[in-house]
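J.: build me a model from this:
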Amino acid sequence: MTLGLLDGRPLPRAALDHRLAALRTGPRATALPQEGSSEDRQLRRWVAQVLLTEALCEAVAAERGLPVDDGADPARLDQRAAVELGSITAAAYEGSAAVRAVYQAVTAGIEPAAEEVAHYRAMTARVPAERWQLALSEGELEADPETLPAALAEALRAAPVGEWATAGGWTAALLLSTTTLPPPDPTPALREAARRAAFVRWLDRERAHRLTLVEGLEHPGDPAQPDNHHRH
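T.: A predicted model of the protein is given here:
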């Protein structure tokens, strides 16, 4: 029985059965749908597409002579990365060293557009601001020194940290002074987002040209029909 076709070459369906069995005996088995349900059929189809994505990238890695560390631990994507890649590609990326190797090769050198970086910086720009933690007779208070009476602010700047200062009828002690920093350089995060988008586009093209998912996978035990299939 066939899972699908890669460049017209049949891929054995045993890999799907093995992966599903591993899921059903794994730590998240209780969260999986009941076997034979419509949700279970969707799960089988989803896992099949993950396997086909892995097989495609294994073939590409071999064609390009890419180093693949099959003994590497699975990767873990953050939520944003997983959403941008899509659930199938994210699962393949996390579980397959070949997918990760192809990702690095395909997206090498990709940079975000200068306009995008400039726009992000304009939207997140903020002027560094000083904040003071003050002790008053009534308790502690956080304040912007620019909002304090000028005479008191000047006295606090002159006094050692933690010592009381009095000016203009006000008494306070400066306990801590902090400055808010400007936002970090957005380029690395935007670069990774651009790489993920490029990889998704590349995978879509490769899947369309090289992969075929055999129909009938949603029916456990049914023989696959390689002459009755559609592209993915």
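J.: grab the most central residue of this structure for me.
T.: Centroid-nearest residue in the chain: residue 81, 1.9 Å away (criterion: C-alpha atoms, centre = their mean).
J.: any idea where the helices of this protein begin and end?
T.: Applying DSSP state H to the chain gives helices spanning 14-24, 38-64, 79-85, 87-95, 97-107, 114-124, 150-158, 187-210.
J.: okay, those helices in JSON lines with mean pLDDT and distance to residue 72 next?
T.: Any C-beta I mention is one placed from the backbone N, CA and C, and that applies to glycine too. Below are the helices of the chain laid out as JSON lines (pLDDT from 0 to 100; distance: least, C-beta to C-beta, whole Å):
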{"stretch": "helix 14-24", "mean pLDDT": "91", "distance to residue 72": "18"}
{"stretch": "helix 38-64", "mean pLDDT": "94", "distance to residue 72": "13"}
{"stretch": "helix 79-85", "mean pLDDT": "96", "distance to residue 72": "18"}
{"stretch": "helix 87-95", "mean pLDDT": "96", "distance to residue 72": "11"}
{"stretch": "helix 97-107", "mean pLDDT": "97", "distance to residue 72": "5"}
{"stretch": "helix 114-124", "mean pLDDT": "86", "distance to residue 72": "32"}
{"stretch": "helix 150-158", "mean pLDDT": "93", "distance to residue 72": "55"}
{"stretch": "helix 187-210", "mean pLDDT": "95", "distance to residue 72": "18"}
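J.: in TSV, list those helices along with distance to residue 164.
T.: Formatted as TSV, those follow (distance: least, C-beta to C-beta, whole Å):
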stretch	distance to residue 164
helix 14-24	66
helix 38-64	66
helix 79-85	48
helix 87-95	57
helix 97-107	59
helix 114-124	39
helix 150-158	10
helix 187-210	45
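J.: re earlier: my read is that the residue nearest to the centre of the chain contacts residue 196, right?
T.: Yes - look at residue 81 against residue 196 with C-beta atoms under 8 Å: they come within range, at 6.3 Å.
J.: coming back round to it: residue contacts, the residue nearest to the centre of the chain?
T.: By C-beta atoms under 8 Å, 6 or more residues apart in numbering, residue 81 lies in contact with 90, 192, 196.
J.: quick one: residue 192 from residue 112, how far?
T.: Here the criterion is C-beta to C-beta, to the nearest Å. By it, residue 192 lies 9 Å from residue 112.
J.: now do residue 187
T.: Distance from residue 187 to residue 112, by C-beta to C-beta: 7 Å.
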